[in-house]
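K.L.:
sequence below, structure please.
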Amino acid sequence: MGNLYVGLCLCLVAMLGLKATTAEGFNYGDALDKTFLFFEAQRSGKLPAEQRVKWRDHSGLKDGFLQGVDLVGGYYDAGDHVKFGLPMAFSVTMLAWGAIDFRREITELEQMGHTLWAIRWGTDYFIKAHREPNVLWAQVGDGDSDHYCWERAEDMTTPRTAYKLDQYHPGSDLAGETAAALAASAIAFRPYNSSYSNILLVHAKQLFSFADRFRGLYDDSIQNSRQFYTSSGYSDELLWAAAWLYRATDDEYYLNYVVDNAVYMGGTGWAVKEFSWDNKYAGVQILLSKILLEGRGGAFTSTLRQYQAKADYFACACLQKNDGYNIQKTPGGLMYVREWNNMQYASAAAFLLAVYSDYLSAAKATMTCPEGQIQPQELLNFAKSQADYILGQNPKSMSYLVGYGPNYPVHVHHRGSSIASIFSLHSPVECVQGFETWYRRPEGNPNVIHGALVGGPDHNDNFSDDRSNYEETEPTISGTAPLVGLFSKLQCVAGTPVGRYQRETPVPVPHPSTPSSYHQNPRTQVPHTASADAPVEFFHSITNQWNVGTTTYYRHKVVIKNTSGKPIADLKLVIENLSGSLWGLTPTQAKNTYELPQWLRVLQPGSECSFVYVQGGPQAKVTVQSYH
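P.N.:
Numbering: from 1, shown residues only. Model (predicted):
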């Protein structure tokens, strides 16, 4: 039952007035939900009805029109309105990697729907951009003219020029990264939408062939992008794409590719201290280490060990145990790579080490650094330290994730956030007017762009919340994307109460349809009072379903709400007709009887918790046995 992606997180508690941090640490679950809001704020194209970021509206509806191609959709990369293909594709790869390796955690936190929507907003656009095997539309918008204007996406007056790659204008780095994004997304969608997964895989294979056959730097072909996202090379993207295609297909052609080209393309030669939209070597090395750790190296074991040696170099450098060849850190403990938008490097490295920690743990393996042996937990500890710094554990006590916690940047370098919404200020804001009226105003932004990870502090932990300080206050999708997997992992590991997410509005999330015998939507919670004098109500729902052979399994969620107006202690429940596994309650010695976890002996008035179970057939019957 490998598809039973049910989590091991305990009961989710929703207390009134739950703050951003608990006694045990940060509320990573709340931070996670806000990252999805940022991706919604960055959407280009026609927005869906369930859009939660209500200050945004449709934009870029004629993208590609002048070139005779439909390029509506995708994401704006940062605080501007250009759709740059390289960081967009990397962001989708990171979202998909999180959905794959932390599927259990994301599913338990009931965020898989939002995760897949965030991925698909990018992959649908990539499919549009890849109309022919050897053609990829790589950018929409002119970076120079866009940066001369300060206006809302809904008011754009700058040229929406579209740029493409083809056999005469190659871009192996961008095409390779897009192939990686589509291959990873194919894996992420496979348990939920196999036909869409297959479509993504077809495009991934074609784009890899295009990238490998017609080699060149994309910014040589599209020089307009050079001053914004300059590529340092394309060898890492070719290895990256092949590694993802091997994971998606198990086709040894792709494993042969990364082995045969290991030396020539630098996979086993480059020892790096950075993982980013531009440099994928550490990602390749850790991704391939998984094969070795699972004992599947076979004839390729020798080369895969060389890849893993470089993966260990990166990890040891992050942990400051690499014989002096370490990453630079600020006095407050943040890894520091470069001046512009440094946070994106910290978030990517933290995600990568959380992944590597899982790979090592699954193999019951350790890692040897020049300064000693390292347990997998130490990698996760480093990842947590970076996440905690982002959320406020830093010398400024500043949350660099906008909208999280009591103290976060309010002068974010972001056009749409800094100008009153089109729904409140109906007249267009023109190019120069935007600078004069909105960019230079001393007040904070009128629209909070929740979940935006800003560039962050300098090398001494100093931070200036200034809209003109774009190095530190501009957010990027490539910085926020790794946080989805990272926050999901940390929330479940922490075992702290998640709390009810502070969503702006409820969001319908697509799930498989429920059998007609249930007469309810998979996300609909149907209340059942335990008995006439019961102090609680139970809300039953089905949040997922899948088939294993001829049997259909359902993931049931039961919310327990205290409706009595008084605290309830020592609540014991009887659960009948339970044929599957259950999480979130503690079994007692009495048959079919369960109690709340040790840390939740008292359920306060109006508060609630939940448990989940998986089984085929009808739902179990839940009743109250006793309480105080």
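
K.L.:
my read is F539 is in a strand, agree?
P.N.:
Yes - using DSSP: H, G, I helix; E, B strand; the rest coil, the assignment for F539 is a strand.

K.L.:
number of residues surrounding it?
P.N.:
16 (other CB atoms under 10 Å). (C-beta placed from N, C-alpha, C; glycine too.)

K.L.:
and for V53?
P.N.:
Around V53 there are 25 other residues, counting by other CB under 10 Å.

K.L.:
SS state for it?
P.N.:
V53 - assigned by three-state DSSP - is coil.

K.L.:
got a list of what it touches?
P.N.:
Residues near V53 by CB atoms under 8 Å, 6 or more residues apart in numbering: 37, 40-41, 450, 504.

K.L.:
now a ChimeraX select for only the buried ones of these.
P.N.:
What follows is the ChimeraX syntax for the buried subset of the contacts of V53, where burial is set by 16 or more other CB atoms under 10 Å:
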select :37,40,41,450
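
K.L.:
same list, the contacts of V53, but as CSV with pLDDT and distance to G29 please.
P.N.:
Formatted as CSV, the contacts of V53 follow (pLDDT from 0 to 100; distance: CB to CB, whole Å):
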residue, pLDDT, distance to G29
L37, 97, 14
E40, 98, 18
A41, 98, 20
H450, 97, 14
E504, 34, 16
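
K.L.:
farthest pair in the contacts of V53?
P.N.:
Using CB to CB, the two most remote members of these are A41 and E504, lying 11.0 Å apart.

K.L.:
joint contacts of those two?
P.N.:
By CB under 8 Å, 6+ apart, the residues touching both A41 and E504 are 53, 450.

K.L.:
that older thread, which of the contacts of V53 lies at the shortest distance from F208?
P.N.:
Distance to F208 across those (CB to CB) is lowest for E40, with 30.0 Å.

K.L.:
distance of that closest one from Y75?
P.N.:
10 Å (CB to CB, to the nearest Å).

K.L.:
returning to that earlier point: which ones among the contacts of V53 map onto helices?
P.N.:
Mapping the contacts of V53 onto helices (DSSP state H) picks out 37, 40-41.

K.L.:
any idea how far P376 lies from L360?
P.N.:
P376 sits at a distance of 4 Å from L360 (criterion: CB to CB).

K.L.:
mutual contacts of the two, please.
P.N.:
Common neighbours of P376 and L360 (CB under 8 Å, 6+ apart) are 366-367.

K.L.:
pick out whichever of these two has more residues nearby.
P.N.:
Using other CB under 10 Å as the criterion, P376 and L360 rank with L360 on top: 24 against 20.

K.L.:
residues touching A365, list them.
P.N.:
The contact partners of A365, by CB under 8 Å, 6+ apart, come to 293, 376.

K.L.:
hmm, I was thinking of Y356
P.N.:
286, 289, 311, 315, 376, 379.

K.L.:
so where does the last one fall, helix or strand?
P.N.:
Read that as L379. Taking DSSP states H and E as the definition, one finds L379 inside helix 376-391.

K.L.:
got it, and W121?
P.N.:
In this assignment (DSSP H and E), W121 forms part of helix 112-129.

K.L.:
list the neighbouring strands of the next helix-or-strand element following that helix plus their orientation.
P.N.:
The helix or strand immediately downstream of helix 112-129 is strand 136-140, counting by DSSP H and E. Applying DSSP bridges, strand 136-140 is found paired with strand 83-84 (antiparallel), strand 162-165 (antiparallel).

K.L.:
closest one to P475 among the ones you listed?
P.N.:
strand 83-84 (14.3 Å).

K.L.:
nearest residue to V135 other than its sequence neighbours?
P.N.:
Closest residue to V135 apart from its sequence neighbours, by CB to CB, 6 or more residues apart in numbering: D166 at 5.0 Å.

K.L.:
pick the most deeply packed of the strands paired with strand 136-140.
P.N.:
Comparing the strands paired with strand 136-140 by mean neighbour count (mean count of other CB atoms under 10 Å), strand 83-84 comes out on top with a mean of 28.

K.L.:
what's the average pLDDT for that one?
P.N.:
Taken as a whole, strand 83-84 has a mean pLDDT of 97.

K.L.:
helices or strands next to the next helix or strand after it in the packing?
P.N.:
Using DSSP H and E, the helix or strand that follows strand 83-84 towards the C-terminus is helix 85-101. The contact analysis (3 or more CB pairs under 8 Å, 6 or more residues apart in numbering; DSSP states H and E) places helix 85-101 against helix 112-129, strand 136-140, helix 172-189, helix 343-362, helix 477-494.
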